Structure formats: structure tokens, C-alpha cells
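Engineer: predicted model and sequence follow; I will ask about them next.
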Amino acid sequence: MRGAGTRTALETADTALMADDLEKLPYTIVLSRKTLNEIKQNITG
């Protein structure tokens, strides 16, 4: 990732891709949903 706006984008984004390989994006989405569900379960007991 290069460019003048890269630093700003990394600081303001909720999520940032650190590589140009978009084939891993579906896996990342599934993993994030599973993680969020696990967090919710831990909070509610």
C-alpha cells in the first residue's frame, strides 16, 4: 500500500487490508463474524 492517503486511511479505517490479495477477503469476513458472535456470547454469559 502506497500513496499520500495511506497513513490517513489506516488511521481512520475500522479495517485495513495490508496486502493486495483480495481472495482472502471472504475468509476475513467469515472470521470476523465468528469472532463477533463469540464476543457476544462471552458478554451475555
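Structural biologist: Structure's in. What do you need?

Engineer: so how far is the lowest-mean-pLDDT helix or strand in the chain from its chain's centroid?
Structural biologist: Of all the helices and strands that make up the chain, helix 6-12 has the lowest average by mean pLDDT, DSSP states H and E, namely a mean of 81. A distance of 14 Å separates the centroid of the chain from that of helix 6-12, by Cα atoms, centre = their mean, to the nearest Å.

Engineer: which strands and helices sit next to the next helix-or-strand element following that helix?
Structural biologist: The element immediately downstream of helix 6-12 (helix or strand, assigned by DSSP states H and E) is helix 25-44. Counting contacts by 3 or more Cβ pairs under 8 Å, 6 or more residues apart in numbering; DSSP states H and E, helix 25-44 is packed against no other helix or strand. C-beta coordinates here come from the backbone N, C-alpha and C atoms, glycine included.

Engineer: picking that back up, by contact count, what packs against the least confident helix or strand of the chain?
Structural biologist: By 3+ Cβ pairs under 8 Å, 6+ apart, helix 6-12 packs against no helix or strand.

Engineer: what's that helix in contact with?
Structural biologist: Identification of contacts with helix 6-12 by Cβ atoms under 8 Å, 6 or more residues apart in numbering yields residue 16.

Engineer: render the CA-only coordinates of it in PDB, please.
Structural biologist: The C-alpha trace of helix 6-12 is given here as PDB (Å, rounded to 0.1, in the frame of the first residue of the first chain):
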ATOM      1  CA  THR A   6      -2.400   5.600   3.100                       C
ATOM      2  CA  ARG A   7      -1.500   6.900   6.500                       C
ATOM      3  CA  THR A   8      -4.800   8.700   6.900                       C
ATOM      4  CA  ALA A   9      -6.700   5.700   5.600                       C
ATOM      5  CA  LEU A  10      -5.100   3.400   8.100                       C
ATOM      6  CA  GLU A  11      -5.700   5.800  11.000                       C
ATOM      7  CA  THR A  12      -9.400   6.300  10.200                       C
END
